[in-house]
Structure formats: C-alpha cells, structure tokens
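Novice: below is the structure, and that's it, no one-letter string:
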C-alpha cells in the first residue's frame, strides 16, 4: 500500500517549498494531486500493480521559465524530488513520481516563441493539436505525432520519446534532424539554463524529464498535405501486410500512416462497424490527396476500400489515427480490460516473414496491428500488438520468444528508463547530461535506475 | 556514311505530308534539320560512330494537339517515320530519327492546363525550369529533375525516363505515383487520343516516344523547400561515401541531392576551384535550410564545408546540380574528349562495399561519382562514373565486370530501348501499348527493336 499523501508530506519540507516559490500556482488537495500523479501505465497489468497509488505531494504549475527556475532551485535546496509532466498520456509511468515530492505540470506553458520556414520554437506544454493548428495556415505541420496528438503536449512527446503518425516519412524522434533544439533548466540551487542543439538535444529525448526540465523546444515541421483517411479491407492478413508494405515502399505515394490490423481487432471499433466488415483484416491509412489514385492502383483488386474521407482531427472529429498505434489498445480496453500489449520492432530485411512468424506463433494470443515506419533509413514495421494477458510469466515468455526470433522488444511493462529499452542501459551521453542537470538525483528518483547522484 | 537528307527525301512523300498538314510550321532547311536531329549521344564514342549523320527529312513544330493529330494522320497515311523530341538533351540518341522522316519538335507546346494542390497538368514541351517557376509561387516544385533541368522539357524527361535530383526522396519516374497521367496521340490514319493514368502512364516512361506521342502530362509535385547548395570536402573517398550514406539514411534531414565524387573529378570544375581543393574528394549536396544544422552535425569533423549558398537555378545562375549526374561527364568533356561514362545501380544491401569494390577494381580508369537515390523503397547509389575510354572491347569488359559483381548497368552505349535496359527486353505492357499506338511501326523505327509492326 502506498503511503498516504499526508504522511509523504512529512518526508519533505513542502511548506518551505511553497514559501520559496512565492506566487507560482500550486495544488495540494490530496485527491487532485493523486489523480494528476497518474498516466496511462494501467494499460500494463504489471505496471498497474507496481505504480498503483504512487503520488506526488504537491502539483506545481509554472507559468513560464522563471517559475520553473524558482521551483528547481527550491527543490534542489530542500532536496525534494521533482517530476515534470505534460498531459500524462504516456504509458510507462513517466509522469508518476516514484518517490513523491513535486509534480511539475507544464501544461500551462504553451507560448509559441516563433515559427518560420518549416520550424517552430515553443514552450513544452503546447498541445500538439494546437501546434498544428498554428502552423497549418502557413503550410506546415508536425513531422510526426503520437495517436494521442489531440490531448498530448509537445514536451511530453519529446520527453516520452518514440515516433508515430508520420514516422513512415521521417523515422522517429531519435533520427538526426527531428529535434532541432531543446532548452532545459537544471535542478540545482542556482539552476542553469542550457540550450541543447541537434545531437545534444537527443539527451532529453525519451529521458522522461530526468535529464533536465524542458522549457522550450525547437522542432522541424513537415509540409502540410491535405490528407485522406482510408480504410482498405482484405480477406487475408498476409495480403493486407504485403499490400501495405508495397505502399510503404512506394516513394512516389505520399502517406503519413499505414496500419494493417488483423481480425478480430476491428470488432472493438463500434463507430467504424460499417467500414470494418465481419472477418476482414483491415489497413488504416492516411494518404495525400495527390496520391490517392496511385495508392488505389497499388491496392488493385487485392483489397476493398470501405472508407475514404478527408482527414480532420479538429475538436469534435474522430481521426482514423485514433484507432492506430497505442490507441488500438485503448479502443479494445474500453470494452475489455483483460488484454494488454507489447512494443515490437521487426527486422527490416525480412519484415513480412518476421511478422508472419510471430502471428503464427501466438494464434489468438498476440494479435498484430503493425505500423510501417522508417527506422535508420530503412522501411520496416513496428507494432503494438494486443496481448491476451494471462500471467506475468507468460508475458515474459512471449517477449523472450520475440527477442529470440530477431524481433526487438521495448518492454512497456517496466517503469525504469533502462529496462524499457532493448539495450537495458542508458547511454553515456544521457548519463553525462543527467549528472550535469540533476547532481542530487532529484528528477523523479528511481526512474533512471543506473544513475548515482554525483552530489549529496 | 549516312544518306544525305536530299536522298532520304526521295524515300518518303514529304511534299504530300506538307500538303496534308496545312499550316503546321515546318523546317526543311537541310542544315537546320540535321542539326536538330541530334542529341547528346556523342558522350558515347560508340553511339557517336553509329548515329553520326542520321537525320530527319523535315522538322515539324506543332502548336497544339490538333497539329500533332494532323501530323500523325499524315505520317500513318503516307507511311513516313515520325520521331518526337523535346529539347534533345538525352544521351541515347532518343531524338535521332534512325530512318529519317519527320522530326516532331514539341518544344512549341508549353501550355499549362492547370495546377492545383501539388499537381500540374501541362503540355510536353514545357521546360522544367519554367514549370518550377510557375509552381514555386504556390509552394510546389518538380519532385525530381535531370541535371539538364534548365534546358530540358518535361515531355523529354518522361520520354527519356530515369530520375535525378530529388530521387533521393521520391525514387525514379518508374515508382508508382511519380507520373499521374499521360495523354498520347496514336500514329494511325485516324489518330486516337488516349489518356493513360497511374500504372498505364508508365507505358510512355522511357519509351523515347515510340509508344505514342505525348501531348499532355499530369505530374505530382513536391513541396518547394528553400534549398542550400553545399560542398563538403574529404581526405578519403571512402569517408566521403560513408558520410554521404549517413546523410542519405537520415530521414530527419531534408535533402534533394547527395553526390560524392572522387578526386580528380573536381579538377574539371574550374569555376568551383576555390571550393574544391587539390587532392580532396567532395560531396555536392542540396539540403533544406531547416536541416543544415543537423546535416553539419552528421558531417562532424570528418569533412570541411567549403561552399554553402542558397540554391538558385534561375537564368544566369549556375546551380550545383549542374556538376552532378550526367553533367559531371559534360564538365569533363568540355576540357577533354577522351572520356566517356557508364550508368550503374549498386545493390542496396551492400552499397558502400560494392562502390569500394568497383573503385578499387579500375583505379584511374573508372572514376566514381555516385548519386544517392531511393530505388524501390530502399536507399542505394546509382552512378554515372567517368570512364577513360580506350576501346569498345575494354568498355564491354568493364560493363561485364560490373554485372558479374552485382552492379546493374543500363548501358548508355547502345541506341535501342531494349539494349539500354538491364533486362535487354521490352515489357509486355509496353509492347502492347506500342501495337495500340503505332500499328505501322512508324514511331522512330529501329528504336524498339523487338517490335514487329502489326499492320503493313
């Protein structure tokens, strides 16, 4: 059982903190603090047990970088843990304060500093959908976004890492050029503000806020095409995969999303029932208007198009991407809480064979929906397959069988940074940045488990 | 020795043709007809012998599709060969009438029918630079173009085939989606006008005008980025190749051209002497302004940037791409006529190894400058290496050694469509289209050597 918030408060000098930060807005109401100390870790039954009830002692909501600096200084001085968060739509407990303390809610920092010629610089709390709304009139949009785009913040996305819709064109955030710069505040008595550019900016990518508090991001944009949401249905999942792969490889066909899903996944999409006939495997796509005709020529008679409508993810609309990536898991969980998921990366040089091998290995237990992406310059699939969960042992067995067969797994059932990677370690660069930005080890202690504080 | 134009005239009823086509503009001046019956086949010493002196009997310059139909009908009726041409910047003699007759100069047909949202429909004689000038104000440009962009026409490009600057993003013209539609006039007594869309449009791609006379093209466009021309110099060609490959694979770095060239090729670029130091291997690039910083981070300390200037290929300027692709050959030929070239495609799964193997195999005889491209969804290199020419036998030996080692060669020293491919054949689709569009075999007879006329 977790310590109640009141008891935790005793651990840290929260009153001292409040005095130190002056008029920076805070919330201490226990119930609200607890509610905001959660993210979507509950997709994992394993994490759900481990992280259940963990809570901050106070939520602080900075209005600007000066506020962030004041909070960081106070936390350093008083040795209070500090966990930054955006919209908390992540799945690895990255917004859950493992040892309590301050939850730094950055959603109030939404200012756009500038945008020009395919770049934007903004504060981390800006929602991605609002970012796109601001850049689209100028002909630009985010290069990639997660399926949570309509809720999530740009800072949370970068802090959480990965890629998503658009990664079929640009790869993931980790690819050179996909984060232009990050500005971070260190957690020290006298916080420093550090501008990390190009390669250096990667030190905050998927660091869950443990390597400094992001106060600004400079992101490259993509030309904003008019997109079309398309559903194609197939009699066999193998044909769906093969056809989708051809679309992925067709560099003349402009696209943003290619997601094959095996039946019976679409049974859990009631709103799309008319477009997902019983027993059919589907491919969900976003295709540029210009390329629709060529896209259809590739599909030929192998599949049937059941939906074709202009993409629109404005408030009140439901874009097709909210059925893909990890939203597939969410759609299923809405009806049935017995499943969970994995995160796979298939080998690019035998992608169809590898997906088929895994599909055949766990019939009706691991249900593939794959995401075509570019990864290190090659087209391959990642996947967040639905897993019918039985035990933690069986889950680990399934993971081991994937890895044994050359499918990389980023395990979403662990909460430390290291265990969630396929290397089970943290790079020297990132550890170096951590020592620089967080000498006392206060940025969500426990999250980067290989880090030893350089100062006491 | 070729037959003089006067003698050739006797073979065909040119007077009958002129009567039949009414006021369609023609040129019969022997010297001017001969001059316009040439293209850049003289890059090949082999073709130079074979095609030297071949000439049309008359040049006809249609103003519109109705004129094209009149000429095609007259040629069919009178059984006069007809060879369409654009700006004649090709290298395979595709604009050289092998059996005389009519040279149909399409450079007068330059009308833009419409442009909207990333697409353009225009007549085939429109120069590519003028096309870009018309679309750029709307934020668009051609997806790819040859190094001859400032002279060549869009119809000639499609008729000649291949790809070029931009193929690192979109692959070649052969990729699905890169030609949206072509409208062709058949060569029959009553010519038909056929609209070929998507896959079907591929039947005119690299057919040298033998499968119908193109009168309109619908082309997809690319977002027009502000490009930067960059030269990077290296101590070793191997490092230049490895670094360029990294840039090619970096999907977050937006680029349009990546051309490593071995020393001493740059010795033949006098205008760039200041930027191409003695003994240094170079990489010529076009990088989007947004990505310059990330590009430099990839280069690191491995190379030195000697030129970085906004790309500009307006009249009077000299863009960097006019040193790449087959312009490299031209730059060298300006100073020294003893060399020629090849056209290679390296295997994508061992591109660096394969380029090194060929470089080492022919030291100082075959000088690599490679072009990073996407091909069938994979990043690889094509190349048009400089070859120090000795004999035709040695040239064929060099070709054979490439092929033996897994490097595909599209032989630019042959003039038939079939021999210039790596398959030495014509696809059934293209042969079918040929039968449809040219039953009498009048569209440059001899060019598609496997075609037998279906009517006499």
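Specialist: Yep, it's here. Everything numeric here is computed off the predicted structure, so don't read it as measured data. Numbers count the residues shown, from 1 in each chain, chains lettered A, B, ... in the order given.
Novice: okay, angle between the biggest strand by length in chain A and strand B:213-223 too, please.
Specialist: Secondary structure of chain A per DSSP state E: the longest strand is strand A:213-223. With axes from the mean of the first three to the mean of the last three Cα atoms, to 10 degrees applied, the angle from strand A:213-223 to strand B:213-223 works out at 170 degrees.
Novice: just how off-centre is strand A:213-223 within its chain?
Specialist: 15 Å (Cα atoms, centre = their mean, to the nearest Å).
Novice: so for it, mean pLDDT?
Specialist: For strand A:213-223, mean pLDDT rounds to 98.
Novice: cool, and stretch A:364-374?
Specialist: pLDDT averaged over stretch A:364-374 gives 98.
Novice: repeat that for stretch A:280-290.
Specialist: 98.
Novice: near chain B, anything from it?
Specialist: Yes: against chain B, stretch A:280-290 shows contacts by Cβ under 8 Å from any Cβ of the partner chain at A:288, A:289, A:290. In this view, the C-beta of every residue, glycine as well, is placed from N, C-alpha and C.
Novice: need the residues you listed in TSV (columns: neighbour count and secondary structure).
Specialist: Output for the residues of stretch A:280-290 next to chain B, formatted as TSV (neighbours: other Cβ atoms under 10 Å in any protein chain shown; DSSP: H, G, I helix; E, B strand; the rest coil):
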residue	neighbour count	secondary structure
A:288	22	strand
A:289	17	helix
A:290	23	helix
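Novice: any idea how many residues pack against residue A:309?
Specialist: Neighbour count of residue A:309, defined by other Cβ atoms under 10 Å in any protein chain shown: 11.
Novice: same check, this time on residue A:284
Specialist: Counted with other Cβ under 10 Å, residue A:284 comes out at 27.
Novice: looking at chain A, which helix or strand does the model trust least?
Specialist: When each helix and strand of chain A is scored by mean pLDDT, DSSP states H and E, helix A:5-11 comes last, with a mean of 56.
Novice: report all helices and strands that the helix or strand just after that one contacts.
Specialist: The helix or strand immediately downstream of helix A:5-11 is helix A:14-21, counting by DSSP states H and E. Where contact means 3 or more Cβ pairs under 8 Å, 6 or more residues apart in numbering or on different chains; DSSP states H and E, helix A:14-21 is packed against strand A:58-60, helix A:65-78.
Novice: follow-up on the earlier one: just the angle between the longest strand of chain A and helix A:65-78, please?
Specialist: 140 degrees.
Novice: sheet partners, orientation included, of strand A:213-223?
Specialist: Strand pairing for strand A:213-223, using DSSP bridges, gives strand A:119-122 (antiparallel), strand A:140-142 (antiparallel), strand A:181-185 (antiparallel).
Novice: next secondary structure element downstream of it?
Specialist: strand A:227-234.
Novice: and that following strand, what does it pack onto?
Specialist: Checked by 3+ Cβ pairs under 8 Å, 6+ apart, strand A:227-234 has helix A:237-249, strand A:281-288, helix A:292-299, strand A:304-310 packed alongside it.
Novice: so which of those is the most surrounded?
Specialist: Among the helices and strands packed on strand A:227-234, strand A:281-288 has the highest mean neighbour count (mean count of other Cβ atoms under 10 Å in any protein chain shown), at a mean of 26.
Novice: ok, back up a step: Throw the helices and strands packed on helix A:14-21 into JSON lines and include mean neighbour count, thanks.
Specialist: Listed next are the helices and strands packed on helix A:14-21 as JSON lines, based on neighbours: other Cβ atoms under 10 Å in any protein chain shown:
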{"stretch": "strand A:58-60", "mean neighbour count": "24"}
{"stretch": "helix A:65-78", "mean neighbour count": "22"}
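Novice: residues of the stretch 51-200 of chain A that sit close to chain B?
Specialist: Near chain B, the residues belonging to the stretch 51-200 of chain A are A:117-119, A:139, A:143, A:169-171, A:175-178, A:180, A:197-199 when assessed by Cβ under 8 Å from any Cβ.
Novice: now do 10 Å
Specialist: Residues of the stretch 51-200 of chain A found near chain B (Cβ under 10 Å from any Cβ of the partner chain) are A:116-119, A:138-140, A:143-144, A:167-181, A:197-200.
Novice: circling back: residue B:68 is nearest to which of the helices and strands packed on strand A:227-234?
Specialist: Residue B:68 lies closest to helix A:292-299 among the helices and strands packed on strand A:227-234, at 25.3 Å (Cβ to Cβ).
Novice: quick one: contacts for the residue in the stretch 301-450 of chain A that chain B sits nearest to?
Specialist: The nearest approach of the stretch 301-450 of chain A to chain B comes at residue A:377, 2.8 Å away (Cβ to the nearest Cβ). For residue A:377, the contact set (Cβ atoms under 10 Å, 6 or more residues apart in numbering or on different chains) comprises A:171, A:175, A:348, B:245-251, B:374, B:378-379.
Novice: pLDDT wise, what is it at?
Specialist: 97.
Novice: and it, its phi and psi?
Specialist: phi 90, psi 0 (degrees, to the nearest 10).
Novice: hmm, back to that, export the helices and strands packed on strand A:227-234 as CSV, with columns for distance to residue B:108.
Specialist: As requested, the helices and strands packed on strand A:227-234 are exported to CSV (distance: least, Cβ to Cβ, whole Å):
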stretch, distance to residue B:108
helix A:237-249, 39
strand A:281-288, 33
helix A:292-299, 30
strand A:304-310, 40
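Novice: which stretch among these comes nearest residue B:41?
Specialist: Of the helices and strands packed on strand A:227-234, nearest to residue B:41 by Cβ to Cβ is helix A:292-299, at 32.8 Å.
Novice: tell me the SS of residue A:352?
Specialist: helix (DSSP: H, G, I helix; E, B strand; the rest coil).
Novice: that one is in contact with residue A:368, isn't it?
Specialist: No: judged on Cβ atoms under 10 Å, residue A:352 makes no contact with residue A:368 at a distance of 11.6 Å.
Novice: neighbour-wise, which of the two wins?
Specialist: With neighbours defined as other Cβ under 10 Å, residue A:352 and residue A:368 compare such that residue A:368 has more, 23 against 15.
Novice: against residue B:44, how distant is the more buried one?
Specialist: 52 Å (Cβ to Cβ, to the nearest Å).
Novice: now the strands for the stretch 251-400 of chain A?
Specialist: Listed in chain order, the strands of the stretch 251-400 of chain A (DSSP state E, counting those that start in this stretch) span A:255-261, A:281-288, A:304-310, A:339-341, A:344-345, A:366-367, A:370-375, A:378-383, A:386-388.
Novice: report the buried residues of stretch A:438-456.
Specialist: Buried residues in stretch A:438-456, counting neighbours by 16 or more other Cβ atoms under 10 Å in any protein chain shown, are found at A:438, A:439, A:440, A:441, A:442, A:443, A:444, A:445, A:447, A:448, A:451.
Novice: now do it: distance from first to last residue.
Specialist: 11 Å (Cα to Cα, to the nearest Å).
Novice: got it, and stretch A:164-178?
Specialist: End-to-end for stretch A:164-178, by Cα to Cα: 13 Å.
Novice: from the chain's centre, how far out does that stretch sit?
Specialist: So, by Cα atoms, centre = their mean, the centroid of stretch A:164-178 is 13 Å from its chain's centroid.
Novice: same question, stretch A:366-386
Specialist: 15 Å.
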